[in-house]
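Student: sequence plus predicted model, see below.
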Amino acid sequence: MAYIERAITPVLKQRVSSSKCLLLTGARQVGKSTMLRHVFSDYNRANFDDRLTRLQAKEEPKLFFLNNPRPLFIDEVQKESSILEEIKLIVDNSEARGEFILSGSQKLELMKGMSESLAGRVSVLELSTLSMRELAGISFNRHFVPTTDYLAQRETELKPYSDVWEKIHHGFYPERYDVERDWQDFYSSYVATYLERDINELIAADSLTFAKFMTAVAARTGELLNYANIADEAGVSQPTVKTWISILERTGIVYLLQPYSASALTRAIKTPKLYFRDTGLACYLTRWLTADALKNSAVAGNMFETFVISEILKSYSNEGKDYRFGCYYYRGRDKRASVENEIDLIIEENGILYPVEIKLTGNPKASMGATNQVLDQIPDKQRGMGVILCLIDKKTYLRENLLALPIEYL
């Protein structure tokens, strides 16, 4: 299959042209190296997966840079972060832009090194797996937020998202769309590679126990993070689970959606929700072997929610924006209510809170947005248009301030 143009490409080019150094992060096999080789084919390349290359960078950095002249792309740079000090010296003595492009699959590890060595000198972008927009060839590249302007612009490039459950089960790693490869073969190899290359460098644990832990986590995608339950199932301690969850987040396997915190929401739950970043990997780990079985299963709602959250996060990162400070969820019990209320996603932008419900239905009801009014309690914030993202076939107003949207609007 031909190279799929990545939505982040224009942002990437602009950042490289205006920054002394660029860091591209993302999980293994999301296509970082492929994209960078495609877009910056004139750059020299060094890969720190190679031990001899790492050794030279560590012990003889000046010789390393003689053998790898600028402009230079260094892959898996977190494996020898001492090179960052040398890069700092080079960029501080030069006014040139785009001399270094760095990439790696351990986001937080890299950010620690960057903050210590290259603060103010590096631009950071995140590459995710393929999005539905990219697979459909849609050039529209704005992050999802249900404003009138967004919806109007999105409608200029609406295309049907066919075979959604096949895609959810298939997964979104680029190689899944590049070559014909058995689904189980790909994901078993992915897990093995991930455990061998990334996890062995971060923890001292046998791969079988960690794989069991990953399966327990995957079974809880779309749920509140409960360390005790995962610890019981994986057969490890709660502190170990907390450390390992951090590693899954650091290496781009999971995302923790934080609860919206405001003093007015005194009864809100403070626990994050956990989502796998790729639904195909979550399906593999939990042994849902076909799309039909998944679609008709008890976990279909959670997997659909995981898919939608992932697509929204991709829309942010592909535009070069940080989703961590604009996306939340709410769950709590109002004094007048006997059960907990929940808003699946709250998007905050320019002082406005947009409540989003994610429902596995083609027949949405206005009652699905009943909890949205809890946001009116928050001072200095306005409640924006509420949205129910679902399997409806066209945009439909359920109330003046509540809109049912097909997932094609993502």
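Tutor: All right, it came through fine. Residues are numbered from 1 along each chain as shown.

Student: can you list the low-confidence ranges for the chain?
Tutor: Within the chain, the ranges that satisfy pLDDT under 70 run 1, 107-115, 262-267, 333-339.

Student: domain map for this protein?
Tutor: Following automatic domain parsing, one gets these domains for the chain: 9-126, 132-409.

Student: which one is residue 78 nearest to, not counting chain neighbours?
Tutor: Sequence neighbours aside, residue 104 is the residue nearest to residue 78 in space, at 4.2 Å (criterion: CB to CB, 6 or more residues apart in numbering). Glycine gets a C-beta too; all of them are placed from N, C-alpha and C.

Student: contacting residues for that neighbour?
Tutor: Neighbouring residues of residue 104 by CB atoms under 8 Å, 6 or more residues apart in numbering: 23, 25, 75-79, 110.

Student: what about 7 Å?
Tutor: For residue 104, the contacting residues are 25, 76-78, 110, by CB atoms under 7 Å, 6 or more residues apart in numbering.

Student: adding secondary structure, write the residues you listed out as TSV.
Tutor: Below are the contacts of residue 104 laid out as TSV (DSSP: H, G, I helix; E, B strand; the rest coil):
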residue	secondary structure
25	strand
76	coil
77	helix
78	helix
110	helix
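
Student: from these, which two are the most distant?
Tutor: 25 and 76 (11.0 Å; CB to CB).

Student: out of the contacts of residue 104, who's nearest residue 134?
Tutor: Relative to residue 134, the closest of the contacts of residue 104 is residue 25; by CB to CB it sits at 18.2 Å.

Student: with the contacts of residue 104 in mind, which one is nearest to residue 160?
Tutor: residue 25 (32.1 Å).

Student: I figured that closest one was touching residue 122, is that so?
Tutor: No: using CB atoms under 7 Å, residue 25 is not in contact with residue 122; the gap is 11.2 Å.

Student: now residue 28. Nearest residue, chain neighbours left out?
Tutor: Going by CB to CB, 6+ apart, residue 28 has residue 105 as its nearest residue, at 4.9 Å.

Student: again, but for residue 222
Tutor: In this structure, residue 222 finds its nearest non-sequential neighbour in residue 302, 3.4 Å apart by CB to CB, 6+ apart.

Student: how close does the one you found get to residue 140?
Tutor: According to CB to CB, to the nearest Å, residue 302 and residue 140 sit 28 Å apart.

Student: picking that back up, could you export the contacts of residue 104 as JSON lines, including distance to residue 226?
Tutor: Formatted as JSON lines, the contacts of residue 104 follow (distance: CB to CB, whole Å):
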{"residue": "25", "distance to residue 226": "28"}
{"residue": "76", "distance to residue 226": "33"}
{"residue": "77", "distance to residue 226": "35"}
{"residue": "78", "distance to residue 226": "30"}
{"residue": "110", "distance to residue 226": "29"}
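
Student: out of the residues you listed, which end up buried?
Tutor: For these, a neighbour count by 16 or more other CB atoms under 10 Å gives the buried set as 25, 76-78, 110.

Student: closest one of those residues to residue 175?
Tutor: Nearest to residue 175 out of those is residue 76 (CB to CB; 17.5 Å).

Student: so who does the closest one touch?
Tutor: Taking CB under 7 Å, 6+ apart, we find residue 76 in contact with 47-49, 104-105.
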